[in-house]
Structures are given as structure tokens and as C-alpha cells.
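> just coords:
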């Protein structure tokens with residue numbers, strides 16, 4: 001005689017009608033995955049620039065390829081600085097208290113670890129030639145006196161007149177900055193007289209920094 005199956009044994013074998021049933025789940029993890037929206041090239045570039053200078057607010061213009069030169073008074077010639085890459089003209093966050101506009105020029109170096117992050121407020125003069133965007137800055141020499149040094153930015157030409165567009169924009173930003181520079185310096189001096197040691201403003205240091213991953217170079221280091 002065939003032994004009778006117990007109730008537990010009979011229930012352990014699902015019926016055909018039960019095999020096709022789908023049980024609802026309350027877990028949110030089982031919801032369909034929604035990939036993040038793709039970011040534009042401008043958004044990607046801005047996120048990279050903010051790593052070097054969090055004050056950068058927006059990108060005004062881009063040149064795909066630029067090379068930075070320094071002028072040597074001894075040989076009266078231009079020398080490559082070792083910085084070459086994409087150039088960005090950027091707007092910074094407005095100056096605290098006064099709300100004045102601030103700008104910078106950046107070259108993300110593809111030949112090394114050091115990148116140019118140059119506050120336009122530190123530029124003494126801007127000149128546009130057929131070959132270079134020339135930027136004159138003051139650097140404190142070993143004796144403490146300020147010495148003029150010259151940077152030349154060569155923007156590689158393309159079909160969109162990138163050299164002319166970016167050079168004119170830098171000069172316009174520089175002219176706009178010069179209009180408010182004296183007011184900002186006066187405000188800085190007033191705050192320093194009140195003992196506000198935490199205040200930092202343009203012209204407080206003679207260095208214009210070339211920022212890379214873990215390394216910072218001043219203009220004094222660049223020119224020697």
C-alpha cells in the first residue's frame with residue numbers, strides 16, 4: 001500500500017496555478033533605475049575649474065589651445081613656460097560688500113601638473129598684438145621692490161577668430177575691473193585698519209598662483 005502524504009508534504013509542492021504568480025514588493029530599491037541627466041561640456045568644464053578655484057562662477061569664453069610664454073629681459077626673447085592647454089575666461093563671484101565684478105584667466109595645463117589661475121585684478125596692463133595677448137604684472141623681487149614681468153599668451157588660431165575674441169574679452173574684463181580697483185583697495189585698507197585679519201582682497205600678495213594637484217607656483221618661482 002502507498003503511504004499517505006502528510007499535509008506538510010502536500011503543501012511543499014506548489015500548484016501550477018501558483019508558479020506564475022508575481023508578488024508585489026514595497027521596496028523602493030526595486031524601482032526602475034533612472035540614470036542622471038547627461039551634463040553639457042560647459043558644466044563639465046566648470047566643475048573642473050572649481051576644483052582649482054571655487055570662486056569661479058561661470059565661463060565667459062573658451063579657446064581650445066593656448067600656450068603661455070614669459071618674456072626674458074636678459075635675452076629680450078619669449079620663452080615657453082611649460083603651460084599649454086585650454087584657455088578659459090571666467091567670471092568669479094562678486095566682490096564681497098561692494099558687489100564688484102571679478103574675473104580670471106585660466107589655462108588647464110595638459111603638459112604638466114601646474115595650471116594658470118590668474119586673477120585679472122592683478123594685471124597692470126593688457127596689450128593685444130598679432131602674436132600675443134600680453135599681460136604685464138608686478139612681482140616683488142628679492143630686495144622687496146616691485147618689478148614688472150610680462151606674460152604672453154599665444155592662442156592657437158582656428159576658424160572662429162578665437163584669438164581676437166578672447167583677447168578682446170580679457171581686455172574688456174580688465175578695463176571693467178580697473179574702474180572699481182581703487183575702491184576695492186581703499187575698502188581693503190579700511191578693513192585692515194580695523195584689524196580684520198581674515199579679510200583677503202586683491203593685491204594682498206605678490207603671487208599669482210599656478211595651481212596643480214598638490215603644487216602651487218608663484219610668479220617669482222616662474223620667472224626665477
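Cool, the structure landed. Not measured: the values here are computed from a predicted model.
> grab the longest helix from this structure for me.
Identified as the longest helix of the chain according to DSSP state H is helix 162-193.
> tell me which residues of that one are tucked away?
Under the neighbour-count criterion of 16 or more other Cβ atoms under 10 Å, helix 162-193 has 162-163, 166-167, 170-171, 173-174, 177, 180-181, 184, 187-188, 191 buried. (Glycine included, C-beta is placed from N, CA and C.)
> list the contacts of stretch 92-109.
For stretch 92-109, contacts defined as Cβ atoms under 8 Å, 6 or more residues apart in numbering pick out 48-49, 52-53, 55-57, 60, 66, 68, 82-91, 115-121, 135, 153, 170, 173-174, 176-177, 180, 183-184, 187, 201, 212.
> drop anything exposed from those residues.
49, 52-53, 56-57, 66, 68, 83-91, 115-121, 135, 153, 170, 173-174, 177, 180, 184, 187, 201, 212.
> out of those, list just those in strands.
Mapping these onto strands (DSSP state E) picks out 56-57, 66, 68, 83-91, 115-119, 135, 153, 212.
> mind showing which ranges of the chain have poor pLDDT?
The model of the chain has pLDDT under 70 over residues 1-31, 33-34, 183-185, 187-188, 195-224.
> which phi and psi does residue 75 have?
Per-residue torsions, residue 75: phi -100, psi 0 (degrees, to the nearest 10).
> next: residue 99.
phi 80, psi 10.
> so how many other residues sit close to it?
By other Cβ atoms under 10 Å, 8 other residues sit near residue 99.
> I'd like to know how far it sits from residue 172.
Distance of residue 99 to residue 172, given as Cβ to Cβ, to the nearest Å: 19 Å.
> any idea of the angle the helix or strand hosting residue 148 forms with strand 114-119?
Taking DSSP states H and E as the definition, residue 148 sits inside strand 146-155. Between strand 146-155 and strand 114-119, the angle comes out at 110 degrees (axes from the mean of the first three to the mean of the last three Cα atoms, to 10 degrees).
> and the contacts of strand 146-155?
63, 65-71, 78, 81, 87, 105, 107, 118, 124, 131-141, 162-163, 166-167, 206, 219, 223.
> any of those buried? List them.
Buried members of those, counted by 16+ other Cβ under 10 Å: 63, 65-71, 78, 81, 87, 105, 107, 118, 132-135, 137-139, 162-163, 166-167, 206, 219, 223.
> so who does residue 158 touch?
Contacts of residue 158 by Cβ under 8 Å, 6+ apart are residue 64.
> can you check the one 10 residues further on too?
When contacts are counted by Cβ under 8 Å, 6+ apart, residue 168 is found next to residue 128.
> and it, how far from residue 134?
Counting by Cβ to Cβ - residue 168 and residue 134 are separated by 14 Å.
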